[in-house]
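**Q** kindly return the folded structure for what I paste below:
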Amino acid sequence: MSKRKKHNLQWVKQTLELKDDHNWKSQPGTKIFVAGRGALRFDVPADWHFEPQEKSFRFLDKKPPNDDCCLEASFNLLPPGEWADFPLVPLLRKVVEEDSRDAIEKGEIIRLKRQTARLVWTQFKFMDPKEHREAYSRICIGLGSNVQCLITFDFWVDDFERVTPVWDTVMDSVVLGLFIRDPRTGFAFPD
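**A** Sure thing, here's the model as predicted:
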């Protein structure tokens, strides 16, 4: 298991050995990504390339410049409050409308409910201005346990069949606000 720390605006990789009785479980062929000690968690393909950004976390199917798709995630810790009625669908519509890439085609908004979180996502097709190829962008906004996340996934139309299962895995495995006491065990803080 790898853990990265930010030190003087540089990421330093630290490898920790998992304890024999660890509680980490992921789907076959994936690895678990955890940010903020459990503020955001999901599974990604085990062979994808990880690139920490200043304010987000990026996963690429191949090392640049040979990558064909990019999954990126970020999260915010929210102040305690009642977030259950926060209007996620209008927020997602606004994010898509304000995207600088002109949508050729827009998809429906999908709503997902988890035990402790609500997620909404959609996709749109656009023409990549550099490559002059059609691409998709998927955008997910999640809210739960005083954590808000944004997950995006950009990929070529030609790769739709290959990468759709990656998005499905991420959406199926997203957990918000399950804070981890010890990363070597995967056990959450008690309530």
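
**Q** how many residues are close by residue 188?
**A** Residue 188 has 16 neighbours, counted by other Cβ atoms under 10 Å. Every residue, glycine included, has its C-beta placed from N, CA and C.

**Q** isn't it right next to residue 177, touching?
**A** No: the criterion here is Cβ atoms under 8 Å, and residue 188 misses it with residue 177 at 9.7 Å.

**Q** any residues in contact with both of those two?
**A** Counting by Cβ atoms under 8 Å, 6 or more residues apart in numbering, the common neighbours of residue 188 and residue 177 are residue 38.

**Q** helices or strands next to the longest helix along the chain in the packing?
**A** Counting by DSSP state H, the longest helix found in the chain is helix 160-173. Applying 3 or more Cβ pairs under 8 Å, 6 or more residues apart in numbering; DSSP states H and E, we find helix 160-173 packed against strand 40-45, strand 69-77, strand 134-144, strand 147-156.

**Q** just the C-alpha atoms of the first one, please, in PDB.
**A** Yep, that's strand 40-45 we're talking about. What follows is strand 40-45, C-alpha atoms only, in PDB (Å, rounded to 0.1, in the frame of the first residue of the first chain):
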ATOM      1  CA  LEU A  40     -12.900   9.800  -0.300                       C
ATOM      2  CA  ARG A  41     -12.300   6.200  -1.300                       C
ATOM      3  CA  PHE A  42     -12.800   4.200  -4.600                       C
ATOM      4  CA  ASP A  43     -11.300   1.400  -6.600                       C
ATOM      5  CA  VAL A  44      -9.200   2.000  -9.700                       C
ATOM      6  CA  PRO A  45      -7.600  -0.500 -12.200                       C
END
